[in-house]
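K.L.:
Coordinates for the following, if possible.
(2 chains)
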Amino acid sequence: MSAVVEASQGTAPEPSPEDAPVTAAKRWRTPIILGVVALVSLIVFGLGSKAGETTSFSISRASDFFTVDTFTLPTRTTAIVASLLALALAAYSAWAVSQSRKTGWWLPVVFGIAVMFALLAWAGGGRGATDIQITGLLTGAVVLSVPLVFGSLSGVVCERSGIINIAIEGQLLAGAFLAAVVGSATGNPYIGLIAAPVAGALVGMLLALFTVKYWVNQIVVGVVLNVLVIGVTSFLFGTLLRDNANLNQNLGMADLPIPLLSKIPIIGPVLFDHNLLVYLMYAAVGVLSVMLFKSRWGLRVRAVGEHPTAADTVGIKVNRTRVRNTILGGALAGLGGAFFTVASGLAFGKEMTAGTGFIALAAMILGRWRPSGALAASVMFGFAIALKDQLGIIGSPIPSQLLAMLPYIVTIFAVAGLVGHARPPAAEGIPYKK
Amino acid sequence: MKLELRGVTKRFGDFTANDAIDLVVEPGTVHALLGENGAGKSTLMNVLFGLYDADEGEILVDGKPAGFKGPGDAMAAGIGMVHQHFMLVHPFTVAENVMLGHEEVRGPAKMLDLAGARKRVNEISDRFGFHIDPDAVVEDLSVGAQQRVEIIKALSQRAEILILDEPTAVLTPQETDELLAIVKQLRDSGTAVVLITHKLREVQAVADTITVIRRGKVVGTAEPTASQEELASLMVGRDVSMTVDKPEAKPGEVMLDVKSLTVLDELGNPQLRGVSFDVRAGEILAIAGVQGNGQTELTEAILGVVPTTAGSVTLDGVTLTGKKIKHTLMSGIGFVPEDRTEDGLVAGFSIANNLILDVYDQAPYSKGGVLKPSVVRSEAEKHVEQFDVRTTGVDALASSLSGGNQQKVVLARELSRPLKLLIASQPTRGLDVGSIEFVHKRIVQERDNGAAVIIVSSELDEVVALADRIAVMYHGKIVDIVPPDTDRDTLGLMMAGAHEEDAA
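P.N.:
Numbering: from 1, shown residues only, chains lettered A, B, ... in the order given. Next up is the predicted model:
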């Protein structure tokens, strides 16, 4: 050491750095979004509706234990009150941010209900005998969320192990197709229901083959598989199914109301009066939630998706786990595809999934790669679709083309506004090479 | 348990990483495997651990040949390994990480027995005084604590031989001392420890046997009583000077003035908390500290790569805060980033193109928006010669160079502009001793040419060798600025947050 320098040459650091004005950046995005939506609601739905009109809401069915009469509310007052409630919630959210407090999950939920109520009041205003069917709307939300839930569960199972599954759309479509064909050929929709996951699993196998064995970019393979399935099913639809109409019939699965539970007003028809596929959906969400976070299988899967090398060093077969999960995920999405045909009493139609798989992907991200989150997000998207249908029925003032955009607008707002810093599995999309 | 390697050879294509290596590890001893970066130590251990297959040779456990097909076999045989890059799943808890791969399950549904895993972690943690909470999430733990989790992981599999791969690279001096104490404790309890390292101090402190590896071959063994110079020359293959030759600094006017610089990360957490200091022309300020205490953010904030929320940076009287990076670079800052392969070079570009990344749009390299390849090449050839870059030619891809030669390319580019300030982060990380000497010489030369120099290094040896003043960073703040003859223990305590008066 030949250099000697006096230490006093430079300025000393600040005497008490603790006092430095260091504050965490405040997150104003949520209160701003909520505020804007609440204001739009107040202006369009509240002030935009005519004074003196009324809106009728009906909430019960004749078969319930007890019935609640249809009630009628003044349109304008209802919409204004609901919008003001939303505005108050937005203000609370802003206050919470300024105080650096966290708000609970209830806030966006209550906010959403308030705005929806304002919208329904406005849309149903002055329609006389046409009621807003609250129960029907919620039932629709649950039913329409079925393919979304299965699709996003498929995504969760694949991505937790590190494989990005863009092919959900194709898996749904393949499931829908095979369910219709097998169900029609055997005359039994339940056999079609069993066939559906096989179709999805086959697409999953292709995805696993190319991504795990040949290290092809997972997103590219997924997109290609979607196009492949559209092509194959459309071709068979135009040839095989056109010539053999008996292979593509309108089959239906009977509703299986659960005794007693199905008689509870609102909750009964919304949750407990459905066909088998809906109950399978409940089971899939429950089982996967427990398995993923409490079982040996789940721990290993998550380890493979987060840090495959670490998993390998403790003797876990990384690529085998990934292949299995990708096939399982494909099977789940395939089962969800049965919704479009046998579970809805419809014949197969060309490209009938119409982008559902991509909304399922968004639901998975919005649900933060958790089965329960995927369920919640899917039901929200299902509600958006049901709302579109309901507004179409009552003849709302909004043009139908705009209404058809509703689920996608909700998707964009939800993903952009609510996801924030969701963290995907760290090794997602990266092939594991030894 | 006695472990023996006989004639182990591992090749990657034409490159022989391990050449007929013999090694015997006796139970209850600490066996140091000493060698430079790239000497083949880690490859050897990965062969031993079953991660790679050996091309030739055999591994014997207690005299019997052991054919490890994978890490699972090695673990079953009683070999545990703590990798240089920890094999921990960050979002998992300690207990989950320890049980992974060997989960105890309960009930017909095979649910995880977390209670059992917690108990095991507590047992081992208490036995060695680790103070590890089994329910802590790993990513919230300090690096030292994460390393102890790795040791618990190995011990919970009843490892009788524990391999530690460069265990002290990420630790503070105090954490290093703690680790070395743990190593002794393990040895006394009968565990054999294989310590892979290039740090002579540690070898001298704990090793019972020393094997030195150079270019994939065992070049000799040494007694723990051997001097640092002896070990170093054995490791490098020639006599090495352990100090940096540098004349006394002649500090001039204040060149860089940093005032209350504050940086927040994406989530709004402060990474730099009001840092102030200055650097004079013709002096080297070395920033010491354990990695991740704001050093990266500090250098990037000075350059303007990360946005600052408060404070100012002034170079030679001109404010740089808020200026474009291009402007900052051209006003006389040279920047050697800490990760040269990620931030310093474009791996898929040729050496010649890498050398003009900052000046490609200026004369003489381009005219009217069109590059002049012949000028680019001829200038590159000059640089390659001047900086002694060992390469087949200036058209070779940057990715084809060794670490030391890559760093020379980065230095050649950054030093080719007239500099008022040179910032070099971890300038010699992963380099061989020859390259280290070269890089140090160029840095001192730049200082003597009148530039202000900031060195960021987590190697205390390097800090002490180069610095005219040492600033120690902890938790986004400068703890203190001290002269270079401050003793290592004091520096170590400051790196853990203590002020100089408390530390001394």
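K.L.:
Every contact and neighbour count from this point should use C-alpha atoms.
P.N.:
Fine.
K.L.:
quick check: domain ranges of the chain?
P.N.:
The chain I'm using is chain A. A:29-130, A:139-399 (automatic domain parsing).
K.L.:
ah, I was thinking of chain B
P.N.:
As assigned by automatic domain parsing, chain B contains the domains B:3-236, B:254-503.
K.L.:
Report the distance from the shortest one to the chain centre.
P.N.:
Just to be clear, that refers to domain B:3-236. In terms of CA atoms, centre = their mean, to the nearest Å, the centre of domain B:3-236 is set 18 Å apart from its chain centre.
K.L.:
That domain close to chain A?
P.N.:
Yes. Contact of domain B:3-236 with chain A (CA under 8 Å from any CA of the partner chain) involves B:51, B:70-72, B:86-90, B:96, B:100-103, B:105, B:109-112.
K.L.:
got any ranges where the stretch 1-150 of chain A has weak pLDDT?
P.N.:
For the stretch 1-150 of chain A, residues meeting the criterion pLDDT under 70 lie at A:1-26, A:62, A:128-129.
K.L.:
Next: chain B.
P.N.:
Chain B contains residues with pLDDT under 70 at B:241-242, B:500-504.
K.L.:
repeat that for 50
P.N.:
Within chain B, no range satisfies pLDDT under 50.
K.L.:
who's in contact with A:Gly94?
P.N.:
Just so we're on the same page, residue A:94 is Ala rather than Gly. Neighbouring residues of A:Ala94 by CA atoms under 8 Å, 6 or more residues apart in numbering or on different chains: A:28, A:31-32.
K.L.:
from the residues you listed, which is closest to B:Val183?
P.N.:
Distance to B:Val183 across these (CA to CA) is lowest for A:Trp28, with 50.6 Å.
K.L.:
Check whether that closest one really touches A:Trp95, as I assumed.
P.N.:
No. Counting by CA atoms under 8 Å, A:Trp28 stays clear of A:Trp95, with 10.2 Å between them.
K.L.:
so what's A:Ile191 up against?
P.N.:
Residues near A:Ile191 by CA under 8 Å, 6+ apart: A:179, A:182-183.
K.L.:
Among those, which ones are in strands?
P.N.:
In strands, judged by DSSP state E, none of those are found.
K.L.:
can I get those in a markdown table with pLDDT?
P.N.:
Listed next are the contacts of A:Ile191 as a markdown table, based on pLDDT from 0 to 100:
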| residue | pLDDT |
| --- | --- |
| A:Ala179 | 97 |
| A:Val182 | 96 |
| A:Gly183 | 95 |
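K.L.:
Can you report how many residues neighbour the residue lying closest to B:Leu256 once chain neighbours are set aside?
P.N.:
Counting by CA to CA, 6 or more residues apart in numbering or on different chains, B:Leu256 lies nearest to B:Leu315, which is 4.6 Å off, once chain neighbours are set aside. The local packing of B:Leu315 (other CA atoms under 10 Å in any protein chain shown) involves 23 other residues.
K.L.:
beta partners for B:Leu315?
P.N.:
B:Leu256, B:Val318 (DSSP bridges).
K.L.:
shouldn't it be in contact with B:Lys259?
P.N.:
No. Using CA under 8 Å, B:Leu315 makes no contact with B:Lys259, being 11.6 Å away.
K.L.:
For chain A, just list every one of the strands.
P.N.:
Secondary structure of chain A (DSSP E): strands at A:54-58, A:71-74, A:132-133, A:256-257, A:273-274.
K.L.:
Could you dump those into JSON lines and include distance to chain B and mean neighbour count?
P.N.:
Output for the strands of chain A, formatted as JSON lines (distance: least, CA to the nearest CA, whole Å; neighbours: other CA atoms under 10 Å in any protein chain shown):
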{"stretch": "strand A:54-58", "distance to chain B": "44", "mean neighbour count": "21"}
{"stretch": "strand A:71-74", "distance to chain B": "45", "mean neighbour count": "15"}
{"stretch": "strand A:132-133", "distance to chain B": "43", "mean neighbour count": "21"}
{"stretch": "strand A:256-257", "distance to chain B": "28", "mean neighbour count": "16"}
{"stretch": "strand A:273-274", "distance to chain B": "28", "mean neighbour count": "21"}
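K.L.:
Do I have it right that A:Leu137 meets A:Phe383?
P.N.:
Yes. Counting by CA under 8 Å, A:Leu137 does reach A:Phe383; the two are 7.3 Å apart.
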